[in-house]
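>>> With the sequence up front, the predicted model follows.
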Amino acid sequence: MEILHSVNDFNEAKQVIVGGVNSPVRAFGSVGGTPRFIARGEGSYLYDVDGNKYLDFVQSWGPLIFGHGDLEIKQASIEAIHNGMSFGAPTELETTLAKEIISLYDGVEKIRLVSSGTEATMSAIRLARAYSGKDDIIKFDGCYHGHSDSLLVSAGSGCATFGSPSSPGVPMDFSKHTLVARYNDLDSVRACFESGDVGCVIIEPIAGNMGLIPARKEFIFGLRELCDQYGAVLIFDEVMSGFRASLRGAQVFYEVIPDMVTFGKVIGGGMPLAAFGGNDEIMKLLSPVGSVYQAGTLSGNPVAVSAGLMSVCKLKADSGLYERLESKAKRLMQGFAQEAQKRGVALQTCVRGSMFGYFFTANEVCNFDDARASDTTLFAKFHQQMLERGIYLAPSAFEAGFVCSTMTDEEIDWAICKCGESLEEIIYG
């Protein structure tokens, strides 16, 4: 596969953009090789600047549930652009989108639109702290909630400890209020509650940022009980899983109602859009009604809202969509598992709706420690081989993958075939 233009573009980008990319994982640092510079996307496929074609299982990290360049979403965006790209003033479409989201999520009575998942989670935590009157928060090792200071915290030497900054520039004075627990380990959460003055717990109920690792039902139930017991706000971060795992996100799988939810990705239809919401008692503390401040010039941008509204409406209109998407994801992962088994390669796979994940390990993966114990060297080799064969997978062992509605069974089977070829090349050369 010829990638000369991508190589040249990457070298040029590094002269003016830090690391040559505007988000770290795009640099292919954990898998090696040169990141492909993309010229366009169409349906299930990406096309790079060298003219190579890739079956895309990243789908812009989740939002493109209808694939690249969906005509209805594109047309809605174009019509919005004709009316103006930004107003910094309210529009009727914002209310319409808010109503659609609220109608689907139990416990969400009011929302606020923002531009990114980082904004949504950062603002939700500020609001939760104000409501609870407590400074400490609990997050989980391996869950990513954006790059705000309070959340760039890693676990200490013991799991249920006060966290330490995982990035330079994050003051200890900020991180000391973030306690880090182990995912799917309720005892570690309980220890955090006992050691701090916890005002909120934030979790990806279907984690997609340490690979795909869903929370166990009893774990989510336990979190709800602990938050009620200690007077803490429970926040579901569904920036990735919202409208991806199901039309109602994680609520379909757990039947637990959080106090707050953060949204992103799919609700923007490929445009920068996110939101946070919750019950009215909490949300009324937000400015301009309350005193908790949050603002943004591009919040509720009319082009992004138009794209997102069309995406959500299309999801609601197709009652069999998620069943078909889950069938495709299961077909893919079952195929990967069979190809690995044929060659004696240990592989764990997982599917939630249109999300999938896999780890090269013989052991069940329940938390970030388990994920880190998988064979990331083999993952890197596998990623390189698949990319050479036209399969575009997430360039990290700790990211979920996604199918889209335009993918056919034949395309899924082709990817499975390439999986077998890739493993064959790695093992036997």
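Looks like it arrived, so ask away. All values reported here derive from a predicted model rather than from experimental measurement. Numbers count the residues shown, from 1 in each chain.
>>> which strands and helices sit next to the helix or strand where Lys99 lies?
Here Lys99, judged by DSSP states H and E, is contained in helix 92-104. With contacts defined as 3 or more C-beta pairs under 8 Å, 6 or more residues apart in numbering; DSSP states H and E, helix 92-104 has these neighbours: strand 110-114, strand 274-278, helix 302-317. Quick note: C-beta positions are derived from backbone N, CA and C, even for glycine.
>>> how far away is the nearest residue to Leu4 once chain neighbours are set aside from Val7?
Spatially, and ignoring its direct neighbours in sequence, Leu4 is nearest to Asp50 (6.4 Å; C-beta to C-beta, 6 or more residues apart in numbering). Separation of Asp50 from Val7 (C-beta to C-beta, to the nearest Å): 9 Å.
>>> One more: Gly344?
35 Å.
>>> Also Ser175?
Distance of Ser175 to Val7, given as C-beta to C-beta: 39 Å.
>>> between these two, which one's more packed in?
Ser175 (22 against 15; other C-beta atoms under 10 Å).
>>> my guess is that one meets Lys139, correct?
No: assessed by C-beta atoms under 8 Å, Ser175 is found out of contact with Lys139, at 10.7 Å.
>>> you'd agree Gly169 is in a helix?
No: according to DSSP: H, G, I helix; E, B strand; the rest coil, the state of Gly169 is coil, so it is not within a helix.
>>> and it, what are its phi and psi?
phi 100, psi -10 (degrees, to the nearest 10).
>>> again, but for Thr349
phi -130, psi 160.
>>> tell me the SS of Pro35?
Under three-state DSSP, Pro35 comes out as coil.
>>> so how many other residues sit close to Ile78?
12.
>>> thinking again about what came up before, name the residues of the helix holding Lys99 that are buried.
Neighbour-count burial for helix 92-104, with 16 or more other C-beta atoms under 10 Å as criterion, is recorded at Leu93, Glu94, Leu97, Ala98, Glu100, Ile101, Leu104.
>>> And stretch 47-56, by the same measure?
Residues of stretch 47-56 classed as buried by neighbour count (16+ other C-beta under 10 Å): Tyr47, Asp48, Val49, Asp50, Asn52, Tyr54, Leu55, Asp56.
>>> nearest residue to Gly231 other than its sequence neighbours?
Closest to Gly231 by C-beta to C-beta, 6+ apart is Ser132, at 6.2 Å.
>>> Can you get me a residue count around that neighbour?
Around Ser132 there are 21 residues (other C-beta under 10 Å).
>>> Repeat that for Gln15.
A total of 7 residues lie near Gln15 under the criterion other C-beta under 10 Å.
>>> so where's this protein shaky on pLDDT?
154-167 (pLDDT under 70).
>>> Mind splitting it into its structural domains?
4-69+320-428, 71-317 (automatic domain parsing).
>>> Pick the most deeply packed of the ones you listed.
domain 71-317 (a mean of 20; mean count of other C-beta atoms under 10 Å).
>>> end to end, how far does it reach?
16 Å (C-alpha to C-alpha, to the nearest Å).
>>> how about the helices in the chain?
Remark: helices assigned in the chain by DSSP state H are 4-16, 71-83, 92-104, 117-132, 172-175, 186-195, 217-230, 251-254, 280-283, 302-317, 321-342, 368-372, 376-388, 409-428.
>>> ok, residues contacting the second one?
Spelled out, that is helix 71-83. 66, 93, 269-271, 302-303, 305-307, 309-311, 314 (C-beta atoms under 8 Å, 6 or more residues apart in numbering).
>>> chain center to it: distance?
Chain-centre distance of helix 71-83: 25 Å, with C-alpha atoms, centre = their mean, to the nearest Å.
>>> about what we covered before: my read: the residue nearest to Gly231 touches Leu234, true?
No: between Ser132 and Leu234 there is no contact under C-beta under 8 Å: 10.7 Å.
>>> what is in contact with those two at once?
Jointly contacting Ser132 and Leu234 under the rule C-beta under 8 Å, 6+ apart are Cys200.
>>> Give me the residue at the spatial middle of the chain.
Nearest residue to the geometric centre of the chain (C-alpha atoms, centre = their mean): Met240, 3.1 Å.
>>> out of everything not next to it in sequence, what's closest to that one?
If the residues on either side of it in the chain are set aside, Met240 comes closest to Gly208, at 4.3 Å by C-beta to C-beta, 6+ apart.
>>> can you tell me how far the one you found sits from Leu234?
Relative to Leu234, and taking C-beta to C-beta, Gly208 is found at 19 Å.
>>> How about Ser188?
The gap separating Ser188 from Leu234 is 16 Å, by C-beta to C-beta.
>>> same deal with Arg224?
Where Leu234 is concerned, Arg224 sits at a distance of 6 Å (C-beta to C-beta).
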